[in-house]
Every structure is written in structure tokens, then in C-alpha cells.
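Chemist: show me the folded form of this:
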Amino acid sequence: MESQQILIIEDDTNSSKVLARILEKKGYVTDYVPSGEEGLAMLSKTDYDLLLIDMVLPGMDGLSLLKEVRKTHPDILSIIVTAYGSITSAVESLKAGANDFLEKPVIPEKLLHVLRKAFEERRLRKEIVALRSDLAQRYQFANIVGKHPKMQQIFQLIESVAVTDSSVLITGETGTGKDLVARAIHFQSSRQHKPFIAINCASVPETLLESELFGFERGAFTGAVSRKIGKLEQAQGGTVFLDEIGDMPMAVQGKLLRAIQERKIERLGSVRHTPISLDIRLISATNRDLPLEITDNRFRLDLFYRLNVVPIRIPPLRERPEDIPLLMDHLLDKLVREKNRPRPRISEKVLSQLLAHSWPGNVRELENVLERSLILNQEQTISNVLFSQVVHLSRTSEELSPLITDPQLSLKAVREHAIVRLEREYLSILLRKYKGSIKRTAAHADIDARTIRRKMKAYGLDKWDFKEI
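Modeler: Presented below is the predicted three-dimensional model:
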């Protein structure tokens, strides 16, 4: 690693030489000058990593020099050397931007410790900047792939809505990437360095959802042995993502509506007279037909209006087949890195199968199929035979077995994948049998016609495709 360069600005030549000797023994490269003015002149010619500045200098004093350096070289590290017991000067130097201070006489071990700490802090700062840049890159649509006009419109909408604090409701089928859109909005916004807190309303038991959102005080209920900060409060200054909002119980919907309207909450069991003010951005998502849920008295109309200020609908994969090759390349690149596997070739027959498949599980299903193909494939090219087996894994109980035992998948993912495929296949068989009659299909399935219509819409089934012509 290249030696770090340090400029000592000290009017006592002997002190400068002593400091330089200590530093050079440890591999640092040093220069020294007797005044602030000469220090600025040296800075204009050499890129130093750190300045060691005496507080008392002829002409421009150390504090004035520090302030000037911060204007012209804001990234340079600086350590102030001050007389013993001059705490006021030390505090002023820290306020002016110094990284640390040392008292005279300077103890070598203390000097080296302070330098190591300053350089380590700079390294960590650079890492944080790099990580933030990486986060920004990840969510500047890098993980949301699509050239279809509808996807391009979504990208533009994300950029437009990110600069506002308006509530956003993202709708789309399971696996379309609603969470990616929510994260993209957050990381494009001015709240990007604040928390992004996500909660899946469908995965939290109804009895616990309220306490998860609003938190609780000690003793609020049996088992509440200590205070818990809720998700809404955790997200102060940032974004709350309410996934599967359509599954939220009506009682919790009412309390959420009040929190949105008043921008305040109270923890369960709170005896505070002053509610907690909220500064959050709210993004919600659902795969349900909320207007239909409202008609069936399962979702509040007033809450819907509050959430649906900016609606974003993500099209299912079957509506944008031209995106499938792009998604395949993107997902394969990701998977070969994660699994440390060689990148296989995709045959033309497999690509044709990819384009022909209806993808009821959307991008999530495509990723699962590619991941499984990558793991099972032993050749340089994924064959259409292997791919056919993988795509149709979930159509019978025998085919479901490898899916269930896949260690990469959660129980919820397995259940969603299986239910979507089985329900769609079941409804297709009934609609074909009854020549597209929703009434007769509903009677056979023993569910109401409205539910049949909702499921047909979710699975991309059209009754006219089953009519006899």
C-alpha cells in the first residue's frame, strides 16, 4: 500500500523534526512548514492525506488555517495540536472539522494511535460511500428489468413519484416484483439514507399485526414484558412498505387510517398524553382486487383513497413476453454468481418454451425455474427435456416432491407456487368443460361467481378462450 503523506505545520523546528522522526519510523512520508500560509502553499502542490496543525502559529493561527483547509480540501484529515489543558481550543477545532486533537507535549504512542484512528475512520467513510453508491445502483432499475412500454412507463413513474412524499399503491400478481418497485422508490428519494421498513400483512397473525405496526408498552398485555417499538415508529424519516395490504384485518385498517390522517400513533398500552408524531412515506402493495374487496366489505374505502394517491400496476409476465429473454439473462447472471456455477447456454427450444409458458408465478417463478435448471443441469447447454421437467414440476403430487424438498425455497414460496399452478390448472379444466360458463364453473367449484371472476383475472384466464366457436 502507498505510504500516507503527512504535512506538519509547526513553527518550532525542533518539535517538527521530532514529530517527523516518529512518523517516518512507522512508514509515513512527512513534510513540515512553520506557518499556515506556507501550509496552504504546500497543499496547492501536493496531495496530503493528513495535516498535523499546531494551534498557535505566527500569522494565521491553527483554527483559521483549519477553517480555510475545510473550504478547499474538505476530504483531508486534520489533527490539531494544542497546549496542555486548552480544552476550549480543542472543542473549537473539532467543531471546525478537525478529526481529533493532541495535547502538548505529544506522546508518541498517543500520536500514532490518533493517526491510526483517523485513517481507519476515513477508510470506513469511503466504504459507506461505496455501499451507498452500490445501493443506489442496485435500485436504479438494475433489478427491475424490462423494455416493454408498460415497464418503461413504470420506470418514469418511479422517478417522478420518488421526489414526492405521496402514498403509493403497487398492484400486481404474485411474483411481479412489487417489493423491488417499493425499494426503488425509496432509494431514489430524499429518504434513501433513512430506514426502509417492510412488513408483510399476510404473514403476521391477525392478533399480532397491530402490535407489530404500532408497538406496545410494557404490561400492555400478557407477555408484554418490555417495551417494543413498532414498524411505523422504526421507520421515522424513512419509508414503510406494507406488503399484502389487502390481507390486513378491518380492525387494524381503521387504526392505520387514523395514523395516516393524524400522522401520529400511540403504542398499545400507552398512557402518554402526547402521541408520537410520524414522519414516514407509505408504500403499499397487494395482489388483490381492492375495489372488489371494498364491495365485499373486506377493505375500507376511505383507507383505499389514502393509500391509492399514486397507483402503480405492474403487468404480469405474460403481458410482456419480450422481456423474458432480458430477464433470463439478468437472472442467470445473478444466479451463476450466487451458486458459483458456470453459465450454461440456453438452447433455442428452451427459449421458445420460455416464451410460450404463461408464467402464473411471474418473475419469481421464472427465477425459481432457472435456479432449479442451473442446479440440475450437468451439461454446457440446458436441454429442452430438462427444462420441460423443471417447468412442469408442480402439476402433480409426484412433480411437486422435488419442489417441496428444495432447500432454497421457504414454505410460503412452495405453497404460493403450488396453489397458483393448481388453481389455474383446475379452473382451466372446469372452464373448458363448461365452455366458458362462469356460473356453471362456480357451481362445480362450490364458490361464488365473483370469486371465480377475480381468480380468472389474477391467472389471466378469459372465458372467451373456452367458448366453442
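
Chemist: by mean pLDDT, point me to the weakest helix or strand of the chain.
Modeler: Each helix and strand of the chain was given a mean pLDDT (mean pLDDT, DSSP states H and E); the minimum falls on helix 397-404 at a mean of 47.

Chemist: what's the following helix or strand after that helix?
Modeler: With elements assigned by DSSP states H and E, the helix or strand that comes after helix 397-404 is helix 411-433.

Chemist: chain center to that following helix, what's the gap?
Modeler: 31 Å (C-alpha atoms, centre = their mean, to the nearest Å).

Chemist: quick check: buried residues in that helix?
Modeler: Of the residues in helix 411-433, 413-414, 416-418, 420-421, 424, 427-428, 430-431 count as buried by neighbour count, 16 or more other C-beta atoms under 10 Å. (Glycine included, C-beta is placed from N, CA and C.)

Chemist: can the residues you listed go into a markdown table with extra columns for distance to L51?
Modeler: As requested, those are exported to a markdown table (distance: C-beta to C-beta, whole Å):
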| residue | distance to L51 |
| --- | --- |
| A413 | 55 |
| V414 | 60 |
| E416 | 59 |
| H417 | 60 |
| A418 | 65 |
| V420 | 63 |
| R421 | 66 |
| R424 | 68 |
| L427 | 73 |
| S428 | 74 |
| L430 | 79 |
| L431 | 77 |
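
Chemist: how about the residues you listed in JSON lines, adding pLDDT and distance to K178?
Modeler: Listed next are the buried residues of helix 411-433 as JSON lines, based on pLDDT from 0 to 100; distance: C-beta to C-beta, whole Å:
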{"residue": "A413", "pLDDT": "71", "distance to K178": "15"}
{"residue": "V414", "pLDDT": "70", "distance to K178": "20"}
{"residue": "E416", "pLDDT": "73", "distance to K178": "13"}
{"residue": "H417", "pLDDT": "70", "distance to K178": "17"}
{"residue": "A418", "pLDDT": "73", "distance to K178": "21"}
{"residue": "V420", "pLDDT": "77", "distance to K178": "15"}
{"residue": "R421", "pLDDT": "74", "distance to K178": "20"}
{"residue": "R424", "pLDDT": "81", "distance to K178": "20"}
{"residue": "L427", "pLDDT": "87", "distance to K178": "23"}
{"residue": "S428", "pLDDT": "81", "distance to K178": "25"}
{"residue": "L430", "pLDDT": "85", "distance to K178": "29"}
{"residue": "L431", "pLDDT": "86", "distance to K178": "28"}
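
Chemist: how is I8 assigned, secondary-structure-wise?
Modeler: Reduced to three states with DSSP: H, G, I helix; E, B strand; the rest coil, the structure at I8 is strand.

Chemist: repeat for I197
Modeler: Of the three states, I197 takes strand according to three-state DSSP.

Chemist: hmm, G237 and it touching each other?
Modeler: No. Proximity of I197 to G237 does not meet the contact threshold set by C-beta atoms under 8 Å, at 10.9 Å.

Chemist: who has more neighbours, those two?
Modeler: More neighbours sit around I197 than around the other of I197 and G237, counting by other C-beta atoms under 10 Å; the figures are 19 against 13.

Chemist: what's the pLDDT at that one?
Modeler: Per-residue confidence at I197 stands at 96 (pLDDT).

Chemist: repeat for S394
Modeler: In this prediction, S394 carries a pLDDT score of 38.

Chemist: could you do K339 as well?
Modeler: The pLDDT attached to K339 in the predicted structure is 86.

Chemist: residues contacting it?
Modeler: With contacts defined as C-beta atoms under 8 Å, 6 or more residues apart in numbering, K339 is in contact with 371, 374-375.

Chemist: turn the residues you listed into TSV, including secondary structure, distance to A442 and neighbour count.
Modeler: Conversion of these to TSV gives the following (DSSP: H, G, I helix; E, B strand; the rest coil; distance: C-beta to C-beta, whole Å; neighbours: other C-beta atoms under 10 Å):
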residue	secondary structure	distance to A442	neighbour count
E371	helix	37	21
L374	helix	41	20
I375	helix	40	13
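
Chemist: which element is the residue positioned nearest the centre of the chain on?
Modeler: Nearest residue to the geometric centre of the chain (C-alpha atoms, centre = their mean): R183, 4.8 Å. With the criterion set as DSSP H and E, the secondary-structure element containing R183 is helix 178-188.

Chemist: and if you look at E159?
Modeler: Under the assignment given by DSSP H and E, the secondary-structure element containing E159 is helix 149-162.

Chemist: which SSE is immediately downstream of that helix?
Modeler: Read in the C-terminal direction, the helix or strand following helix 149-162 is strand 168-171, with elements assigned using DSSP H and E.

Chemist: alpha carbons of that next one, as PDB, please.
Modeler: The C-alpha atoms that make up strand 168-171 are tabulated as PDB, following Å, rounded to 0.1, in the frame of the first residue of the first chain:
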ATOM      1  CA  VAL A 168     -48.100   4.800  -3.500                       C
ATOM      2  CA  LEU A 169     -50.200   1.700  -4.000                       C
ATOM      3  CA  ILE A 170     -48.500  -1.000  -6.100                       C
ATOM      4  CA  THR A 171     -50.700  -3.700  -7.600                       C
END
